[in-house]
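> please find the sequence and the predicted model below.
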Amino acid sequence: MVHEIKSNTYSVYFDQQLKVLADFLDRNSYSKIFILTDRNTGEHCLPVLLKALPNLSNYDLVEIDPGEENKNIDFCIGIWKMLLDFGADRKSLMINLGGGVITDIGGFAASTFKRGMDFIQVPTTLLSQVDASVGGKTGIDMDGVKNIIGTFTQPKAVFISTIFLNTLAERQVVSGFAEMVKHGLIYDRDYFNRLLTTSPLAIDEKLIFHSVTIKNAVVTEDPTEKGLRKILNFGHTIGHAVESYALADGTLPLLHGEAIAIGMICEAYLSHRFNGMGKEDLDTIVQYIYQLFPAYHFDAAIYESLFTYMVNDKKNTNGNIGFALLKQIGKCQYDHYLEKEAIMESLDFYCSLHN
C-alpha cells in the first residue's frame, strides 16, 4: 500500500516497490534522465532501483565518491561538468539515489545547473528518509562548515522505500534514529515516548512515516526557515560543530546522527538552564541518548575550535549564536541567543558524563 504526505509543492510517497516512481517517470516527458549515486549506493541500491523501473532503459549515471568530506564545490563542479558532457538541459531530470550527502549535493547541483532542472529524491538511508530528503534544503560544505552554500529548492517528489534500509550497516541505522528522536523532542512527546521503547534496529514504516509527518508539518508552515522551521535545528548548533571538528581531525570521524546526539545532550542542558525545561525531562533525555549513542571523548582543549565552527554557523544573526531550545519534551522554542560562557558550560556538562 502506498502512503502519501503532501507538502506545499510536492508529495512524499511511501512505496515499498517504487511503483509510484515508475508511474511518475512514465507520465513526464523528460529530455534526459540522470541518476546520481555514490560508489556505495551505486553498488547496493542502484540494482534495486533499476529492478523497480523496468521501463527505464535510457539514463546516464553520475557517480561520486562517498562521504561528507566530498560534499563540496569541487565535487559539485564535477557533477555540473558531467551534466554538460551528457547534454543535460532544463527539461532533464536528476534522480538523487543515496543518503544525505547525495540528496544535498544532488539537489544543489540540479537547482543551480542552467538556473534549475527538476530533481527527485530517492533516499536510501534512515537519516535521509526522515530528514535530509524532505523539506527542500539543498547544500554543500565549505571550509569545514556544513551546508553553508545552498538553496531552498523543492524536489518534484520524494520516494521512500524501507527496502533500501536492508543495505545499511547497524551504525548507519542508529545514526538516522537520532533525527527521529529529535522530532519527538521538539514536537511530539507521545512519539518520543514510543521511541523510548523501540530499538533503532526494529523501526518500521509507521514510525518513519510519523517522523516525516512531523518534519513536513513544520516545513510546510515555514518553508524558508523564517520562524517555526528553526526548531528543527535543535541539537544542530553544537552537533554540527562537533561533526565538523571530528571530520577535520580525522582520527575519529562521527556520523551525522552521532554528532547530533552530542548536540542534543548539550542543548537539552541549555534548555534546562536557560529555557525553563524541568530537571526530570533533562535527565530522561540525557540518559536515553547517552545509552543509545557512543560517547565521543574530548576535553576543553578543543572548545575553542568547536566555538569557531559555531560562530560560522549559517543559523546565526548579527554574529550571535542561535539555538532552538526545549521548553519541555515535545515543545521547542527558537531564536535563543547565548553567550560563549553558557555554551562552554554545556560542553563541560557533556564531558562530565564520561569523566
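Ah, there it is.
> ranges for the helices of the chain?
19-27, 39-44, 46-52, 73-85, 100-112, 126-127, 170-187, 189-196, 205-221, 236-249, 256-274, 279-292, 303-311, 340-352 (DSSP state H).
> show the average pLDDT along the first one.
I take that to be helix 19-27. Mean pLDDT, computed over helix 19-27, is 96.
> how distant is stretch 341-349 from the center of its chain?
Put simply, stretch 341-349 sits 25 Å off its chain's centre (Cα atoms, centre = their mean, to the nearest Å).
> okay, buried residues for it please.
Residues of stretch 341-349 classed as buried: A342, I343, S346, L347, F349 (neighbour count, 16 or more other Cβ atoms under 10 Å). Every residue, glycine included, has its C-beta placed from N, CA and C.
> do stretch 185-198 as well
Neighbour-count burial for stretch 185-198 [16+ other Cβ under 10 Å]: L185, I186, Y187, D188, Y191, F192, L195.
> over to stretch 253-268?
Buried-residue list, stretch 253-268, by 16+ other Cβ under 10 Å: 253-268.
> for stretch 43-53, same thing?
So stretch 43-53, judged by 16+ other Cβ under 10 Å, has buried residues C45, L46, V48, L49, A52, L53.
> repeat that for stretch 289-301.
Buried, per 16+ other Cβ under 10 Å, within stretch 289-301: I289, Y290, L292, F293, Y296, F298.
> who's in contact with F192?
Applying Cβ atoms under 8 Å, 6 or more residues apart in numbering, we find F192 in contact with V181, G184, L185, I329, G330.
> now do it against L228, distance only.
From F192 across to L228, the span is 18 Å (Cβ to Cβ, to the nearest Å).
> what of S211?
For S211, the distance to L228 - Cβ to Cβ - is 17 Å.
> ok, now K71?
27 Å.
> of these two, which one has the most company?
With neighbours defined as other Cβ atoms under 10 Å, K71 and L228 compare such that K71 has more, 21 against 17.
> residues in contact with that one?
V101, D104, I105, G139, I140, D141 are the contacts of K71 under Cβ under 8 Å, 6+ apart.
> need phi/psi at it.
phi -90, psi 70 (degrees, to the nearest 10).
> what do you get for N55?
phi -90, psi 0.
> shouldn't it be in contact with A22?
Yes: counting by Cβ atoms under 8 Å, N55 does reach A22; the two are 6.7 Å apart.
> name the residue in those two with the higher neighbour count.
Per other Cβ under 10 Å, whichever of N55 and A22 has more neighbours is A22, with 17 against 8.
> now do the contacts for the more buried one.
A52, L53, P54, N55, L56.
> any idea how far S111 is from T138?
Distance from S111 to T138, by Cβ to Cβ: 5 Å.
> out of those two, which sits in the busier spot?
Per other Cβ under 10 Å, whichever of S111 and T138 has more neighbours is T138, with 26 against 21.
> contacts only, for that one.
Counting by Cβ under 8 Å, 6+ apart, T138 has contacts D104, I105, G106, G107, F108, A110, S111, G150, T151, F152, T153.
> who touches the third one in this structure?
The neighbours of G106, taking Cβ under 8 Å, 6+ apart as the test, are L36, I79, M94, N96, G98, F119, Q121, T138.
> need the max-distance pair from these.
I79 and Q121 (15.3 Å; Cβ to Cβ).
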